[in-house]
Structure formats: structure tokens, C-alpha cells
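Participant: Sequence first, then the predicted structure:
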Amino acid sequence: MTAPLIDGFGRRITYLRLSVTDRCDMRCTYCMSETMRFLPRDEVLDLEELARLGEVFIAGGVRRLRITGGEPLVRRDILGLFERLGRRIGDGLDELTLTTNGSRLAEFAEPLAASGVRRVNVSLDSLDGARFAAITRRGSLHRTLDGISAARAAGLAVRINTVALRGINDDEIDTLIGWCGGIGADLCLIETMPLGETGEDRSAHYLPLGELRARLERSWTLSEDGGACGGGPARYLRIAETGRRLGLITPMSHNFCASCNRVRISCTGRLYLCLGHEEGTDLRAALRSGADDAGLRALVDDALDRKPWRHDFAIGPALPPTLSRHMSLTGG
Ligand SMILES: Nc1nc2c(ncn2[C@@H]2O[C@H](COP(=O)(O)OP(=O)(O)OP(=O)(O)O)[C@@H](O)[C@H]2O)c(=O)[nH]1
Ligand SMILES: C[S@@+](CC[C@H](N)C(=O)[O-])C[C@H]1O[C@@H](n2cnc3c(N)ncnc32)[C@H](O)[C@@H]1O
Ligand code: SF4
Ligand code: SF4
């Protein structure tokens, strides 16, 4: 291992989110607009470039690597990346995983498991077909459910991600908790974050999870569960009735940045130091002009000194998105 990656506040970086495409087969209302335009292919890193950046971060002590997007499984050559980085599990990496909308998981679950993936986060905002189609604008509930079944059959642990949306799916959270209990999955609720224009007013559907938790406590016995999994932003509660965990990701109402352990690389090879800021550095230019690993690492170290302490997200009817960048570019 080379020297550990440490930011200007002394926070150790051990978790990398690698976005492999900005493209997606869905258009979730809180994530992007109906008419989202995607990047030309030559702006997106090729497999070799992605793998190389992954290796530089593993050498710097990154132990968890999450592949994300856009939808990572719409990228044709994606298995090659999982196979390549999967070889580093136990040799630097503790975990290689992905976040997916599940639409192509039925096809990919087995090969992903064979490459060393042990758990997946699957986004699912509703169990009602018509509602699911309305939220995702073009997704199919049965395809995502088939994907989840295939993941479980392949032995992958599944965590369901649900963005909690007032007036859209907040009446379904009890159902989702019960359903997740039935299939043996944890459920993670997420507050909507103000990234990128979507053509809709996010603030109308923003739901602070403290309020939702109080409501859920009328039906479920929830207790704090210290055991963090993934070193991510979720704070977990144990649900006595199902035995599963309920994760809460609350960047808007309760920020967790003091313990931030992560950075992200966009599909264009830009290192973003924080989900909530534009600060970063262009690693693609360095890659494409022949930089060696030490040169790439020097750029990363220089950037890490500028990692912001926290995000400055603000949401409200009169406020534009805090950042014009969409979540799909960095993968969240
Ligand atoms: N504000 C903020 N949100 C994050 C960060 N990392 C992930 N998220 C959000 O958390 C939600 C769930 O993300 P996932 O891709 O499932 O990743 P994770 O929650 O870190 O996953 P685990 O490794 O399972 O803990 C998404 O809405 C992400 O945008 C972060 O560093 N800051
Ligand atoms: C950007 S998606 C990328 C991976 C994959 N396409 C998926 O949907 O799982 C990663 C996660 O970010 C969440 N997300 C997207 N836009 C968001 C927003 N504006 N606020 C909060 N979470 C968001 C999604 O629900 C998903 O769980
Ligand atoms: S949240 Fe994921 S599935 Fe939905 S539009 Fe964004 S990238 Fe696609
Ligand atoms: S918002 Fe920024 S500082 Fe906060 S946890 Fe996310 S990446 Fe880290």
C-alpha cells in the first residue's frame, strides 16, 4: 500500500464510489428530467481507465468500492470491470459492490456473484406497478422484482433503497418494511437531495425522515442498531417485528459529514471530493496524457486537501437545485 489517503481535516478516505456511466434506462422524477441528455461516449472513461483509477485508490487504502451510475448494468462491458476489480477482494479490497435500479439484475446477478460481489443495493420506490412506472417514468416493476429475486437466488445480500417522497410513496413505507422483512432484505430510506433540474419541484415532496420515523414507530418497534454496514451514511435501526434493519439517510435533516470517509469519481473521470460540491480534479486529462500512478496519486492528494467539510444543501419552493450537476453523473 502507498501512503493512506487523508483529507485536509484528517479524515481517512477508505471508500470510493465509481460511476461507470451517466446513462440510465429509467428517468426517476427526483433524479433527472424526462428529456435528460447523456454524454458523448468519448467523454466517458473506458474500462481500462476505470480499472486503473480503482487500483490507484486501492493502493491508497480504499477498502470498499461501490460501482454506480447512471445505471451501471446498462454499460455493455461492465462485467469486465467487476471481474478485474473483483480480483482485488482480499488483496486490498474488503468489498466490491454496486447500486442498481435492478432492471438488468436478472441477467447479471450470477456473474456479479462469481466476480466476488456479495451484496447489492437496489432502488425500489414503490411496490405498486403504476406508481413505480410514474416515479421511474419508464421502469417496469416486475423487471426490478425479477432482478431482486435473481440476486437473492445468486446468494447476494440485498438492501432496498427507497427515496421517501411526501404525497408520492410515504403511504407505502409500512408495506415496504413488511415486504423487505418477508424477503430478508434491509430497507434504507433516503431524503431527497437538491441535485440537478428534474422538471419538477423537489421541495413539494421532500420528507424529513425524523417525521416519518415518528409515524413508523406507531406500527413498528424500532431500536438503534450500532452495527454499521458499508461505512456509509445510513444510520440503522433494528425492526423487532421483522428482525431486519431500517437505514435512514438524512443529509438534509441530520448531516453526517463529520465522519465522511469517501470520495467519488464521475464517469468522465473527474474526482469529486464531496457529493454536495463542485470541488474536484480532472483525472481523465491526466490519464489520457500518460500520467503514471504516482502522478495520478499526486493529483488526488492535492485535491484531498480541498475536500469540503460538509455539503450546503438547501431545499425549498423558491430555491433552485443547490448544484446543477445531476446525481446520475457521480452515482450519488
Ligand atoms: N449526502 C451524501 N449522500 C450520500 C453519500 N453517499 C451515498 N449517499 C446517498 O445515499 C443514498 C444511498 O446510496 P448507496 O449507493 O446505496 O450507497 P451507501 O448508502 O453508501 O451504501 P452502503 O455501502 O451500503 O452503506 C443515495 O441517495 C446516495 O446519493 C454521501 O457521501 N453523502
Ligand atoms: C443515482 S442512483 C445510481 C444507481 C442506480 N441507477 C440506482 O438507481 O440505484 C443511486 C441512488 O441515488 C438515489 N438518488 C437519485 N437521485 C437522488 C436525489 N435527488 N436525492 C436522493 N437520492 C437520490 C437513487 O434512489 C439511488 O438509490
Ligand atoms: S435514480 Fe438511478 S434509476 Fe433512477 S434515474 Fe437516477 S440513475 Fe436512473
Ligand atoms: S455530503 Fe460531502 S462531506 Fe458529507 S458525507 Fe457526503 S461526500 Fe462526505
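Facilitator: Nice, I can see it. Numbering: from 1, shown residues only. Ligands and ions are numbered 1, 2, ... in the order given.
Participant: ok, Ile148 to Gly70 distance?
Facilitator: Per CB to CB, to the nearest Å, Ile148 is found 20 Å from Gly70. From N, CA and C alone the C-beta is placed, and that goes for glycine too.
Participant: out of the two, which sits in the busier spot?
Facilitator: Between Ile148 and Gly70, counted using other CB atoms under 10 Å, the more crowded position is Gly70 (29 against 23).
Participant: Can you check the pLDDT for the more buried one?
Facilitator: We have a pLDDT of 97 for Gly70.
Participant: go on, Asp225?
Facilitator: Reading off the model, Asp225 has pLDDT 84.
Participant: what's the burial count for it?
Facilitator: As a burial measure, Asp225 scores 16 neighbours (other CB under 10 Å).
Participant: List the contacts of it.
Facilitator: By CB atoms under 8 Å, 6 or more residues apart in numbering, the residues touching Asp225 are Tyr236, Leu237, Arg238, Arg245.
Participant: Can I take it that the third one is in a strand?
Facilitator: Put plainly, it is Arg238. Yes - under DSSP: H, G, I helix; E, B strand; the rest coil, Arg238 falls within a strand.
Participant: So it sits against Leu222, correct?
Facilitator: Yes - using CB atoms under 8 Å, Arg238 makes contact with Leu222 at a distance of 7.1 Å.
Participant: which residues do those two both contact?
Facilitator: With CB under 8 Å, 6+ apart as the test, Arg238 and Leu222 both reach Leu246.
Participant: Can you give me the neighbour number for Leu85?
Facilitator: Other residues close to Leu85 by other CB under 10 Å number 23.
Participant: can you pull the contacts of whichever residue of the stretch 101-250 of the chain sits closest to ligand 4?
Facilitator: Here the residue of the stretch 101-250 of the chain nearest ligand 4 is Pro233; by CB to the nearest ligand atom that distance is 5.7 Å. Contact analysis of Pro233 by CB under 8 Å, 6+ apart lists Ile249, Pro251, Phe256.
Participant: redo that, cut-off 6 Å
Facilitator: Ile249, Phe256 (CB atoms under 6 Å, 6 or more residues apart in numbering).
Participant: That one and Glu200: what is the separation?
Facilitator: Pro233 sits 24 Å away from Glu200, going by CB to CB.
Participant: What parts of the protein come near ligand 4?
Facilitator: Contact residues, the chain versus ligand 4 (CB under 6 Å from any ligand atom): Pro233, Pro251, Phe256, Cys257, Cys260, Arg262, Cys274, Leu275, Gly276, Arg310, His311.
Participant: same thing but at 5 Å, please
Facilitator: With the criterion set to CB under 5 Å from any ligand atom, the chain comes near ligand 4 through Cys257, Cys260, Cys274, Leu275, Gly276, His311.
Participant: Redo the residues you listed as TSV? Include secondary structure and pLDDT.
Facilitator: Shown next, in TSV, are those (DSSP: H, G, I helix; E, B strand; the rest coil; pLDDT from 0 to 100):
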residue	secondary structure	pLDDT
Cys257	helix	94
Cys260	coil	95
Cys274	coil	96
Leu275	coil	96
Gly276	coil	95
His311	coil	93
